[in-house]
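>>> After the sequence you'll find the predicted model.
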Amino acid sequence: MQPYSGNDIYCDLIIPQKLEVNIVAETDKILAFYHTKPHWEVHIVVTPKEHIASLLELTATSASELLDVVKEVSKRIKEEHGACRVLTNLGSYQDSKHLHIHISYGNVIGSIATS
């Protein structure tokens, strides 16, 4: 497969299952999976299946559903490893213009990208 060059890998490849991912949790509206190019020892991405450009466009209803999955996955990582990080990017830090939240644990693997 050629390197992805679009601006929304979630709508273009991941959600329509054109790119295989290792799913951690899934609901009708939310998908959590291991990052395809992890930056930390454990690196999970949680994203809405509906296109939402960033945290700034998130509605209360969507936020509740998204945070339920983020909490569930974060709890598992914290119980297994003792700690985790939860973060999202905005603006030029956001390579893919689709809201996604990173849940990570451990040391950086290689160099960090912003998506």
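The structure has been received and is ready for your questions.

>>> ok, which stretches of this structure are helices?
9, 60-81 (DSSP state H).

>>> Of those, give the one that comes closest to residue 110.
Judged by Cβ to Cβ, the one of those that comes nearest to residue 110 is helix 9, at 18.7 Å. C-beta coordinates here come from the backbone N, C-alpha and C atoms, glycine included.

>>> Output the below-cut-off pLDDT ranges for this structure.
Within the chain, the set of residues satisfying pLDDT under 70 comprises 1-3, 111-115.

>>> all strands of it, in order?
Per DSSP state E, the chain carries strands over the ranges 23-26, 30-34, 40-48, 85-87, 101-108.

>>> what's the most buried one of those strands?
Ranked by mean neighbour count, the strands of the chain are led by strand 40-48 with a mean of 21 (mean count of other Cβ atoms under 10 Å).

>>> What is that strand packed up against?
The contact analysis (3 or more Cβ pairs under 8 Å, 6 or more residues apart in numbering; DSSP states H and E) places strand 40-48 against strand 30-34, helix 60-81, strand 101-108.

>>> Export stretch 25-38 to PDB, keeping only CA atoms.
Output of stretch 25-38 as PDB, limited to C-alpha atoms (Å, rounded to 0.1, in the frame of the first residue of the first chain):
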ATOM      1  CA  ALA A  25     -13.300  -1.300  21.600                       C
ATOM      2  CA  GLU A  26     -16.200  -0.400  19.400                       C
ATOM      3  CA  THR A  27     -19.700   1.000  19.600                       C
ATOM      4  CA  ASP A  28     -22.200   2.000  16.900                       C
ATOM      5  CA  LYS A  29     -20.600   5.500  16.900                       C
ATOM      6  CA  ILE A  30     -17.100   5.100  18.300                       C
ATOM      7  CA  LEU A  31     -14.000   3.100  17.300                       C
ATOM      8  CA  ALA A  32     -10.900   2.500  19.500                       C
ATOM      9  CA  PHE A  33      -7.900   0.700  17.900                       C
ATOM     10  CA  TYR A  34      -4.100   0.400  18.200                       C
ATOM     11  CA  HIS A  35      -2.400   3.100  16.300                       C
ATOM     12  CA  THR A  36      -1.000   1.800  13.000                       C
ATOM     13  CA  LYS A  37       2.300   3.700  13.600                       C
ATOM     14  CA  PRO A  38       2.600   3.900  17.400                       C
END
